[in-house]
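Student: what follows is a predicted structure for the sequence shown.
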2 protein chains.
Amino acid sequence: MPSKPAAPITIDAVYAAPGYLFRRMQQIAVSIFMEECKAFDLTPVQYAALVAIHTHPGIDATRLSAVIAFDRSTLGSVIERLQAKDYIERKPAPEDKRIKLLYLTKSGAAILREIIPAVERAQARMLEPLKPADRKALMGLLVQLVDLNNEASRVPLRAEDALEHLGKGG
Amino acid sequence: MPSKPAAPITIDAVYAAPGYLFRRMQQIAVSIFMEECKAFDLTPVQYAALVAIHTHPGIDATRLSAVIAFDRSTLGSVIERLQAKDYIERKPAPEDKRIKLLYLTKSGAAILREIIPAVERAQARMLEPLKPADRKALMGLLVQLVDLNNEASRVPLRAEDALEHLGKGG
DNA sequence: CCCAGATCGTCAGTATACTGTCAATCGACA
DNA sequence: TGTCGATTGACAGTATACTGACGATCTGGG
């Protein structure tokens, strides 16, 4: 069969590439999140970390990274900043001196409650330009794709496995 | 009408949020790109910049940032690295001492030709888990959404406007 | 021609991301 | 029980991103 002719190298091919579109959309999403939440001094990553700690109090940093699929090295500085803002506290685990357990402070629990409406506004705004049926379709495809590509990412999501130490997962 | 009851704050809500999914997918996309292109020492951003300079030789950094919708400050260091690798060169514009014009070197043009197959493999792999019809549907929705949200991003895409100085746009 | 405002590249500061490495610690096995 | 492999948190190095500021420069109005 005839080999495909080499496509000309143009910027239009980049505009249509999935990788480029995912990057653009992520930047737009962060921009909208920061705008809606600017009163709260929380980034999207910090927000997700707070929610995960709220859902799994006493989790450690390594398991937290698996639960939200964020890089463990990066998470170190995220945790540091959340601690500096007094939204979380770290307690050494009595049975394992390597581990530091993470808990929300009262401040942390409070800001989480307060920021929810802004976060929901942000999430809605990201999809707002689409028709409702298209929003559903896009989210469905995206959930599928992220799930099926889970192993391709550097930090695969391990929502269940990560929680065995808390006595909730196994 | 009854107000919606406050949803419980759980990590499952985060997993289903558009912003979270866009972030995950972007990370997966970068991971796949770097894997397919590891022989070439080029990041996705550097690749897009090279393609844009190839398409618009003699473009300056500010217009380049508009053409690929990347942050202008960040682009400074991207350009620096591409120059250090001898893939591009910068020439002062004779008619405006502020501006430095960007051109591909022979090395830059060569690596661009060579990397194309790997980039195409990467782009294909990102969508591979979906059925062909779903790939088309997802890309269609994403193109729409990115376009309709263009103004919401910090650096909106200005593919046309940016090129007037080159005598090709207006 | 001169000046006010806009533009260009640059830089400092902050926040994600990823790679690779390290010391401290743990756990399992000989 | 002693040791080795695995795990944990930390760190160094690189690369995107965004905000805000700055000096050099250009441009248009008077």
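Tutor: Sure thing, it's come through.
Student: are the single longest strand found in chain A and DNA strand D in contact anywhere?
Tutor: Ranked by number of residues, the top strand in chain A under DSSP state E is strand A:96-104. Yes - with C-beta under 7 Å from any atom of the strand as the measure, strand A:96-104 is seen reaching DNA strand D through A:98-100. Just so you know, the C-beta spots here come from the backbone N, C-alpha and C atoms, and that holds for glycine as well.
Student: and what of stretch A:119-127?
Tutor: No - judged by C-beta under 7 Å from any atom of the strand, stretch A:119-127 makes no contact with DNA strand D; its nearest approach is 13.6 Å.
Student: that stretch vs chain B: in contact?
Tutor: Yes - judged by C-beta under 8 Å from any C-beta of the partner chain, stretch A:119-127 comes into contact with chain B at A:119, A:122-123, A:125-127.
Student: quick revisit: next, the angle from the following helix or strand past the longest strand of chain A to strand A:96-104.
Tutor: Downstream of strand A:96-104, the first helix or strand assigned by DSSP states H and E is helix A:106-127. Taking axes from the mean of the first three to the mean of the last three C-alpha atoms, to 10 degrees, one finds helix A:106-127 and strand A:96-104 inclined to each other by 70 degrees.
Student: quick revisit: what's the longest strand of chain A in contact with?
Tutor: A:50, A:53-54, A:57-61, A:64, A:79, A:87-93, A:112 (C-beta atoms under 8 Å, 6 or more residues apart in numbering or on different chains).
Student: what about that strand, distance to the chain center?
Tutor: 21 Å (C-alpha atoms, centre = their mean, to the nearest Å).
Student: contacts only, for A:Leu64.
Tutor: When contacts are counted by C-beta under 8 Å, 6+ apart, A:Leu64 touches A:49, A:52-53, A:56, A:70, A:75, A:79, A:102, A:162.
Student: scan those residues and report the most crowded one.
Tutor: Within those, neighbour counts (other C-beta atoms under 10 Å in any protein chain shown) peak at A:Ala49, which reaches 28 neighbours.
Student: helix, strand or coil for the nearest residue to it once chain neighbours are set aside?
Tutor: In space, and not counting its chain neighbours, A:Ala49 is closest to A:Val78: 5.7 Å by C-beta to C-beta, 6 or more residues apart in numbering or on different chains. Recorded secondary structure, A:Val78: helix (DSSP: H, G, I helix; E, B strand; the rest coil).
Student: what about A:Val78, neighbour count?
Tutor: By other C-beta under 10 Å, the residues close to A:Val78 number 22.
Student: quick one: contacts for it?
Tutor: For A:Val78, the contact set (C-beta under 8 Å, 6+ apart) comprises A:45-46, A:49, A:70.
Student: one step back: rebuild the residues of stretch A:119-127 next to chain B as JSON lines, extending it with distance to B:Tyr20 and pLDDT.
Tutor: Output for the residues of stretch A:119-127 next to chain B, formatted as JSON lines (distance: C-beta to C-beta, whole Å; pLDDT from 0 to 100):
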{"residue": "A:Val119", "distance to B:Tyr20": "10", "pLDDT": "98"}
{"residue": "A:Ala122", "distance to B:Tyr20": "11", "pLDDT": "98"}
{"residue": "A:Gln123", "distance to B:Tyr20": "9", "pLDDT": "98"}
{"residue": "A:Arg125", "distance to B:Tyr20": "15", "pLDDT": "97"}
{"residue": "A:Met126", "distance to B:Tyr20": "11", "pLDDT": "98"}
{"residue": "A:Leu127", "distance to B:Tyr20": "13", "pLDDT": "98"}
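Student: name the element A:Glu89 belongs to?
Tutor: Here A:Glu89 sits within strand A:88-93, counting by DSSP H and E.
Student: list the buried residues in that strand.
Tutor: For strand A:88-93, a neighbour-count test (16 or more other C-beta atoms under 10 Å in any protein chain shown) marks A:Ile88 as buried.
Student: tilt between it and strand A:96-104?
Tutor: Inter-element angle recorded for strand A:88-93 and strand A:96-104: 150 degrees (by the same axes, to 10 degrees).
Student: what's the average pLDDT for strand A:88-93?
Tutor: The average pLDDT within strand A:88-93 is 95.
Student: which parts of chain A sit against DNA strand D?
Tutor: A:23, A:27, A:30-31, A:34, A:60-63, A:72-73, A:76, A:79, A:98-100.
Student: by neighbour count, which of those wins?
Tutor: Highest neighbour count within the residues of chain A next to DNA strand D, by other C-beta under 10 Å: A:Arg23, with 24 neighbours.
Student: that one reaches B:Pro44, doesn't it?
Tutor: Yes - counting by C-beta atoms under 8 Å, A:Arg23 does reach B:Pro44; the two are 7.0 Å apart.
Student: overlap in contacts of those two?
Tutor: Common contacts of A:Arg23 and B:Pro44 (C-beta under 8 Å, 6+ apart): B:29-30.
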